[in-house]
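Enquirer: have a look at this fold, sequence not included:
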Ligand SMILES: [Zn+2]
């Protein structure tokens, strides 16, 4: 069965929001003025639609994301719960599960990647199947995430990235351009070095501003 955040995960998070238990303390410092995040103030609450997989059905669930504001410079930051990734409706476990399935198997096609041992997940409301092109986009996102993280890290700390993805290889039938080959290699590298991110993964996403990618 494909992985997904559960309705319980989302309800538990929503309960924290409603009890004002989401604090800015775990956010990185302000990327514009470097103010420590515990000084941030709540700026807005935004309802966000998530897609979870329940018994191979894609179901929409809404929950609230909290935005904080830096009181010094006015920049705003979204707090993302563990299951959420900026600009993605699908939850993190689903994105990682399908992307890994494709990128770690040289024989796997995008059509094959969406077709799990239990079939292709379908939308609960209209029966539409999860599109192979969605996996293609997720791989691009993860590859760009790693690339941006490396760039920020090497420019801010003045040292070269330790992730040498070019030493790995990808079956030539999986790409038609050098750019895509590099994305696949980066995505594979993402999974092999993800231990580095650990629970910092979401903080990293927010800190580097995934929307810039
Ligand atoms: Zn600031």
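Expert: Received the coordinates, thanks. What you see is a predicted model, and the numbers here were worked out from it, not measured in a lab.
Enquirer: would you mind naming what in the chain lies close to the ion?
Expert: 30, 32, 33, 35, 70, 72, 73, 75 (C-beta under 5 Å from the ion). All C-beta spots, glycine's among them, are computed from the backbone N, C-alpha and C.
Enquirer: and the residues you listed, which are buried?
Expert: Buried members of the residues of the chain next to the ion, scored by 16 or more other C-beta atoms under 10 Å, are 30, 35, 70.
Enquirer: quick one: residues contacting the first one.
Expert: Listed by C-beta atoms under 8 Å, 6 or more residues apart in numbering, the contact partners of residue 30 are 37, 40, 70, 72, 73, 75, 77.
Enquirer: so can I have JSON lines of the residues of the chain next to the ion showing pLDDT, secondary structure and distance to residue 173?
Expert: Listed next are the residues of the chain next to the ion as JSON lines, based on pLDDT from 0 to 100; DSSP: H, G, I helix; E, B strand; the rest coil; distance: C-beta to C-beta, whole Å:
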{"residue": "30", "pLDDT": "92", "secondary structure": "coil", "distance to residue 173": "46"}
{"residue": "32", "pLDDT": "91", "secondary structure": "coil", "distance to residue 173": "45"}
{"residue": "33", "pLDDT": "96", "secondary structure": "coil", "distance to residue 173": "49"}
{"residue": "35", "pLDDT": "95", "secondary structure": "coil", "distance to residue 173": "50"}
{"residue": "70", "pLDDT": "97", "secondary structure": "coil", "distance to residue 173": "48"}
{"residue": "72", "pLDDT": "98", "secondary structure": "coil", "distance to residue 173": "52"}
{"residue": "73", "pLDDT": "97", "secondary structure": "coil", "distance to residue 173": "49"}
{"residue": "75", "pLDDT": "95", "secondary structure": "coil", "distance to residue 173": "44"}
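Enquirer: can you tell me the element the closest residue to residue 96 other than its chain neighbours falls in?
Expert: Distance criterion C-beta to C-beta, 6 or more residues apart in numbering; nearest residue to residue 96, sequence neighbours excluded, is residue 3 at 7.4 Å. In this structure, residue 3 sits in neither a helix nor a strand according to DSSP states H and E.
Enquirer: which one of the buried ones among the residues of the chain next to the ion is nearest to residue 170?
Expert: Taking C-beta to C-beta as the measure, residue 30 is the one of those closest to residue 170, at 38.3 Å.
Enquirer: ok now do residue 111, which residues does it touch?
Expert: For residue 111, counting by C-beta under 8 Å, 6+ apart, the contacting residues are residue 132.
Enquirer: helix, strand, or coil at it?
Expert: Following DSSP: H, G, I helix; E, B strand; the rest coil, we place residue 111 in the helix state.
Enquirer: how close does it sit to residue 117?
Expert: 15 Å (C-beta to C-beta, to the nearest Å).
Enquirer: what do you get for residue 7?
Expert: The gap separating residue 7 from residue 117 is 23 Å, by C-beta to C-beta.
Enquirer: fine by me, thanks again.
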